[in-house]
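Trainee: Turn this into a structure:
(one chain, ligands or ions: 1)
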Amino acid sequence: MAIQQTLSIIKPDATRRNLTGQINAKLEEAGLKIIAQKRLLITKELAKEFYAVHAERSFYDDLCTNMTLGPIVVQVLEGEDAIQTNREIMGATNPSNAFPGTIRYEFGESIDFNSVHGSDSPANAVQEIAFFFSKIELCR
Ligand code: GDP
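Mentor: Here you go, the predicted structure:
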């Protein structure tokens, strides 16, 4: 295992319910260090660019709209095997399939409102971190 960085997003359904602190606590308890974090309101155009990989999917338009319904918190997490560690603490995409103790099990409302995003591969992590952060914003 190696020290990795990954991009995490706390989605609007979670910021609306004031869950940022509780989600951050779960990330930290999982051994991840939040080395950058900012709260943003993004446009639908930016959401479409971020989720371009899903452009052909039926849920793409709703997904991009949902990311604009309120503030998001974008963050860079660092730790041992951070990409997989974060995916595990996030839980399954559909909260109905998520294991107890995971963020999506505890806080996700539905597959459309599942509270968090996390990079799913090293290449995507690099790309997604650079989408929202410059190097000088990462404070280790
Ligand atoms: P994630 O990495 O677990 O977030 O899942 P994906 O990258 O595959 O999908 C991005 C987001 O699109 C998910 O977090 C869901 O909010 C949404 N999504 C994915 N698959 C579906 C689906 O089959 N139906 C709907 N309505 N939304 C989906």
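Trainee: The helix or strand harbouring Leu27 - contacts with which helices or strands?
Mentor: In the assignment (DSSP states H and E), Leu27 maps to helix 20-29. In terms of contacts (3 or more CB pairs under 8 Å, 6 or more residues apart in numbering; DSSP states H and E), helix 20-29 is packed against strand 3-10, strand 33-40, helix 82-90, helix 103-107. Using the backbone N, CA and C atoms, a C-beta is placed for each residue, glycine as well.
Trainee: Can you name the next helix or strand after the last one?
Mentor: This means helix 103-107. Counting by DSSP H and E, the next helix or strand C-terminal to helix 103-107 is strand 116-118.
Trainee: Would you mind writing the CA trace of the next helix or strand after that next one as CSV?
Mentor: Counting by DSSP H and E, the next helix or strand C-terminal to strand 116-118 is helix 122-132. Extracted as CSV, the C-alpha positions of helix 122-132 are listed here (Å, rounded to 0.1, in the frame of the first residue of the first chain):
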residue,chain,number,x,y,z
PRO,A,122,-5.5,6.9,-9.3
ALA,A,123,-5.8,8.5,-12.7
ASN,A,124,-9.2,10.0,-11.9
ALA,A,125,-8.0,11.1,-8.5
VAL,A,126,-5.2,13.2,-10.1
GLN,A,127,-7.6,14.6,-12.7
GLU,A,128,-10.4,15.4,-10.2
ILE,A,129,-8.1,17.0,-7.6
ALA,A,130,-6.6,19.2,-10.4
PHE,A,131,-10.2,20.1,-11.4
PHE,A,132,-10.8,21.9,-8.1
